[in-house]
Every structure is written in structure tokens, then in C-alpha cells.
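3D, please:
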Amino acid sequence: MFNPATDLILGLQLTSLLTILSMLAVWLPRPQIWQTLYGITLITGFVTGSLGAASLISLALLLSLLWLYTRKAEIALWAWLGLLLMGVLLGLHVLPGFHNHAYVSGVQLSSDTAPFSIWFNYDKSMYGILVLGLVFHQQLLRSWSGLKQMLRQLLPLLVGGLALVYVLGLLMGYSKWDWTPVMMFIPWAVKNLFFTVVAEEIMFRGLLQRELSLRLPVKYAGHACVWFAALLFGAAHFAGGLQYVLLSSLAGLLYGYAYKVTGRIEAAILAHFILNACQFLFFSYPYLASAI
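Below is the predicted model of the structure:
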């Protein structure tokens, strides 16, 4: 029997699953695989109502900017600025046509923590997949030896960075030790990795930090770009208050140096996800209500 509410929920879930598969497929050697899955995701999204007609305008503009950025060196700088602007607008969910899926809303893990929601944001993930696939496909990690090398380089940064962020958060009264049940972690982790972290790292480290490092012919440009991208990343979290901005900027330094030292966007993605996951599992998530 036809049930509009049930059909909509199932459609949103199917679109979410296909989005995840499309993103994972970018790591496969043949780009036709992720491109085909991406097309199927779009069609499914339109059929199920997850995507509206207006989203076509945004995605067409995004594709045009990516083509100009990768194929037209004389205007690549302007296309790059356009890509950053599109990333901001899609990240803020202000462009129409993307009917993002609220998995849960207003959840409070402990009596003294602020409520949070789990959203499967199609606008943000669609951006991340296209930029990842069309700009970074040839640079992605596809060997065990490369993975082991990346992890060896990342581990010292990760341990030091996590310790610094968490200790500062505890000292500031932003969070405290607080264990979260693992079952709640699973949907949160899927959402956080595929619908938040990848797109944010592609934008702040993959586009912003990388491009500035290539274009600034000054000494220590690499370090300056890490800091600049980290500060902008922190500023993007202004809704959480000054403490959140400070901690996010510090975390951004970890992600930025993970990318700079290893040369792998996967290192920044992994560092970002691990920091968020440990915060969710072992500390107050998203933060103590009294901190704001």
C-alpha cells in the first residue's frame, strides 16, 4: 500500500546509501565507476524527492567551475574562488533543491550536554564527491605501502594534536569525560565521515590550503597556508561560540599539517574523523551546555 511518509523516508535512505557508494568509488582506479554511481544517485534523488530541480543549477555551475579550474589555466584562479564560494554556500545549506535528511533531531547524550542532530546533507556530500573525483582522483591513495607510509607520518601528529585539543577542551570547561554507547555511534559516524568530514577537508585543505601553497611564492608559505586555512576553518564554527572557534582552529592546524606532512588528503580526512569520533565516544558531545 502506498504510504507517502514511508516512501519518502526510504527514498532518503536510498539516496544516502548511493551517495556513500559514490564517494567510496572515487578511490577506485577507473573514474567511470564513481561517475556512473554519481549519476544513479542523482536520478534516484530526483525520483525519491531527495533532490529538487533547483539543485541541477547548483550542480551544473559546480561542474562548470571544476572544468574551468582543471582545464583553463588562464582563469583557474577565478574558478578556484568560485569553487570556494560554492563550498561555503552548499555547506551553509542556503542553495535550494537539496532536501537533506534529518536522521535524528534534538538528541541529548547526557543531561549536561547540548542537544545535537544527525543530518545527511546531500548538498555538502555532492560537492565533496565532485571535487574529490575531478580534482584529486589521480592523487588518491591506492596501495598498502602508501597507506603504511602515510600512517607512520601521521601518527605522531595525530597523538600530539588529539592530546592538545582534548586537554584544552577539558581545561576550558568545554567538555568532560563522558562515555557514549557504541550503538549511537554508528549512524553518527556514517553521517560525520561521508556527509561532513570529506567535504570540509576537500574544501579547506584540498582546495584552500593546497592552492594557496602553490600560488604564494614566499618563504614558509606552506606553514602560513596551514595556519590561514585553520583559522578560516575555526571561524566557520562561529555558531558554537568563541571556545568552539578556538578549538576548531587548533584542530584545523592538526588537519592542515597532516595534509602538508603526508601530501595525502586522506590523512587530513582521517585525522578529522578520528578527532570527532573520540570526542563523541569519550567526551561531552557536542559540548557541555554550560560552555555556551
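
got the buried residues for the longest strand seen in the chain?
For the chain, the strand with the greatest residue count under DSSP state E is strand 101-107. For strand 101-107, the neighbour count (16 or more other CB atoms under 10 Å) marks 101, 103 as buried. In short, each C-beta sits where N, CA and C put it, glycine included.

the stretch 1-150 of the chain: helices as residue ranges?
Remark: helices assigned in the stretch 1-150 of the chain by DSSP state H, counting those that start in this stretch are 4-25, 31-48, 54-71, 76-91, 122-135, 144-171.

actually, the stretch 151-292 of the chain.
Under DSSP H, counting those that start in this stretch, the stretch 151-292 of the chain gives helices at 182-192, 198-201, 210-215, 221-235, 242-262, 265-282.

thinking again about what came up before, can you tell me which of the helices of the stretch 1-150 of the chain is most buried?
Each of the helices of the stretch 1-150 of the chain was scored by mean neighbour count; the highest is helix 122-135, a mean of 24, by mean count of other CB atoms under 10 Å.

before we move on, the earlier item: least confident of the helices of the stretch 1-150 of the chain, on average?
Taking the mean pLDDT of each of the helices of the stretch 1-150 of the chain, the lowest value is held by helix 4-25, a mean of 76.

go ahead and confirm residue 222 touches residue 260.
Yes. Counting by CB atoms under 8 Å, residue 260 is a contact partner of residue 222 at 5.8 Å.

name the residues contacting each of these two.
residue 213 (CB atoms under 8 Å, 6 or more residues apart in numbering).

if I pick the residue nearest in space to the middle of the chain, what's in contact with it?
Computing the C-alpha centroid of the chain and ranking residues by CA atoms, centre = their mean puts residue 197 first, at 2.4 Å. Neighbouring residues of residue 197 by CB under 8 Å, 6+ apart: 269, 272, 273, 276.

rewinding a little: same list, the helices of the stretch 151-292 of the chain, but as TSV with mean neighbour count and distance to residue 49 please.
Output for the helices of the stretch 151-292 of the chain, formatted as TSV (neighbours: other CB atoms under 10 Å; distance: least, CB to CB, whole Å):
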stretch	mean neighbour count	distance to residue 49
helix 182-192	15	20
helix 198-201	26	22
helix 210-215	16	36
helix 221-235	19	33
helix 242-262	21	33
helix 265-282	21	29
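
now those in TSV, with distance to residue 84 and mean pLDDT?
Formatted as TSV, the helices of the stretch 151-292 of the chain follow (distance: least, CB to CB, whole Å; pLDDT from 0 to 100):
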stretch	distance to residue 84	mean pLDDT
helix 182-192	22	88
helix 198-201	12	97
helix 210-215	9	90
helix 221-235	10	94
helix 242-262	15	96
helix 265-282	16	97
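
could you dump those helices into a markdown table with distance to residue 170 added?
Formatted as a markdown table, the helices of the stretch 151-292 of the chain follow (distance: least, CB to CB, whole Å):
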| stretch | distance to residue 170 |
| --- | --- |
| helix 182-192 | 21 |
| helix 198-201 | 24 |
| helix 210-215 | 33 |
| helix 221-235 | 19 |
| helix 242-262 | 11 |
| helix 265-282 | 11 |
